[in-house]
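Asker: Here is my input; please provide its structure:
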Amino acid sequence: MSKKANRNSHDSTEVKNLYDVIIIGSGPAGFTAGVYTSRAKLKTLIISGSLPGGQLMTTSEVENYPGFPNGIFGPELMMNMRQQAERFGTIVIDDEVLKVDFKIHPFLISTHSESFEGRAILLCTGASPRKLGINGEQEFGGRGVSYCATCDGPFFKGEEIAVIGGGDTAIEEATFLTKFGKSVKIIHRRDFLRASKILQEKAFENSKIQFIWNHVVTGISGNKKIESIDIKDLTTGKISNVSVGGLFVAIGHEPNTSIFKDQLEMDDKGYVVLKENTRTSVEGVFAAGDVHDYRYRQAVTAAGFGCMAALDVEKWLSEKKSHN
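Answerer: Predicted coordinates for the structure are as follows:
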């Protein structure tokens, strides 16, 4: 690995904006990391990003986060995490990172309003579910439209449920949703599935699952919550209406990593590649949560990764200080 250029901070503004740790992103991973690094007496800055609080800000009730036997609303959980991090001294600014420079040290992070330097960087920018981009999708988000069956499935007991997609995630989610729904319709734009054979077999054998081939969803309707969807037959062009009480979109996720392009190693899907524990390909840059985790994608696992990364950051900074 090539050596990074070192840059001295002489300007008073730069000194003021120099942090031990800069955490980019403010979901469960970011706030948990902030709690740990601040408690370790590291000067910590969290830059919240375009959606402060992450995906949980668009989730209604969270039932599967430990410690809340009666559930908790997503935004409330994230506000609690933020207050806890701030209590230990974490500085949180609601701004969006536009540019990073990991080729110099301290690392340079630029937002809309100003620039910051960090001795260590922790990437917690998460991933965003791919959207359909159709009428009603945003309106009924959290009111029948969901992007996570394991998060929201239990809210749809006895409902007619539809799942969009044909890959592993879609088939896994549809199978999981049969535990709760009256029936589950898998709507797929092709006449075959991309999912693994074993998942396909389970779905085909499940009497609660029906397949609607060669169709796409074109619209979502309802009053206070989703009541029906419009689907288009890609063979004939005919549009029909299907009654549903829940619509799960499972057409993949996209990691929020575009600003890190050419700065560190990512896989072919854009997820950050971890080299050792939570370390990335750039020494001093770490990652936690959905920005690298495309398998579990849960709030509790993101928080766990945030804890791990914070401990790794603390250890790395301590070792670096002892060598100087």
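
Asker: check contacts around the closest residue to residue 242 other than its chain neighbours.
Answerer: Distances taken as CB to CB, 6 or more residues apart in numbering put residue 229 closest to residue 242, at 5.5 Å, once the chain neighbours are dropped. Yep, even glycine has a C-beta here, placed from its N, CA and C like the rest. Listed by CB atoms under 8 Å, 6 or more residues apart in numbering, the contact partners of residue 229 are 162, 217, 219-221, 241-242, 244, 247.

Asker: now the residues you listed: which count as buried?
Answerer: 162, 217, 219-221, 242, 244, 247 (16 or more other CB atoms under 10 Å).

Asker: Secondary structure added to the residues you listed, as CSV?
Answerer: Converted to CSV, the buried ones among the contacts of residue 229 look like this (DSSP: H, G, I helix; E, B strand; the rest coil):
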residue, secondary structure
162, strand
217, strand
219, strand
220, strand
221, strand
242, strand
244, coil
247, strand
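
Asker: For the residues you listed, give me a markdown table that also has distance to residue 152 and pLDDT.
Answerer: Output for the buried ones among the contacts of residue 229, formatted as a markdown table (distance: CB to CB, whole Å; pLDDT from 0 to 100):
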| residue | distance to residue 152 | pLDDT |
| --- | --- | --- |
| 162 | 14 | 98 |
| 217 | 18 | 98 |
| 219 | 21 | 97 |
| 220 | 16 | 98 |
| 221 | 20 | 97 |
| 242 | 19 | 98 |
| 244 | 14 | 98 |
| 247 | 11 | 98 |
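
Asker: Tell me the one among those residues nearest to residue 118.
Answerer: Ranked by distance to residue 118 (CB to CB), the buried ones among the contacts of residue 229 are led by residue 247 at 41.0 Å.

Asker: circling back to that earlier point, the residue nearest to residue 242 looks like it's in a helix, true?
Answerer: No: secondary structure of residue 229, determined by three-state DSSP: strand, with no helix assignment.

Asker: any weak-confidence spans in the stretch 1-150 of the chain?
Answerer: For the stretch 1-150 of the chain, the stretches with pLDDT under 70 are 1-16, 58-60.

Asker: In it, mark out all the strands, start to finish.
Answerer: Assignment of strands within the stretch 1-150 of the chain using DSSP state E, counting those that start in this stretch yields the ranges 5-6, 18-24, 44-47, 61-62, 72-73, 91-93, 97-101, 104-105, 107-111, 115-123, 127-129, 145-146.

Asker: now for those, which one comes closest to residue 203?
Answerer: It's strand 145-146; of these, that one is closest to residue 203 (CB to CB) at 18.9 Å.

Asker: Off-centre distance for the closest one?
Answerer: 15 Å (CA atoms, centre = their mean, to the nearest Å).

Asker: returning to that earlier point: possible to save the buried ones among the contacts of residue 229 as CSV with distance to residue 263?
Answerer: Below are the buried ones among the contacts of residue 229 laid out as CSV (distance: CB to CB, whole Å):
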residue, distance to residue 263
162, 40
217, 37
219, 40
220, 38
221, 44
242, 45
244, 43
247, 37
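
Asker: okay, the strands of the stretch 1-150 of the chain in a markdown table with distance to residue 179 and mean neighbour count next?
Answerer: Converted to a markdown table, these look like this (distance: least, CB to CB, whole Å; neighbours: other CB atoms under 10 Å):
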| stretch | distance to residue 179 | mean neighbour count |
| --- | --- | --- |
| strand 5-6 | 55 | 8 |
| strand 18-24 | 36 | 25 |
| strand 44-47 | 37 | 26 |
| strand 61-62 | 18 | 18 |
| strand 72-73 | 22 | 16 |
| strand 91-93 | 38 | 17 |
| strand 97-101 | 40 | 16 |
| strand 104-105 | 50 | 16 |
| strand 107-111 | 44 | 20 |
| strand 115-123 | 35 | 24 |
| strand 127-129 | 21 | 19 |
| strand 145-146 | 15 | 26 |
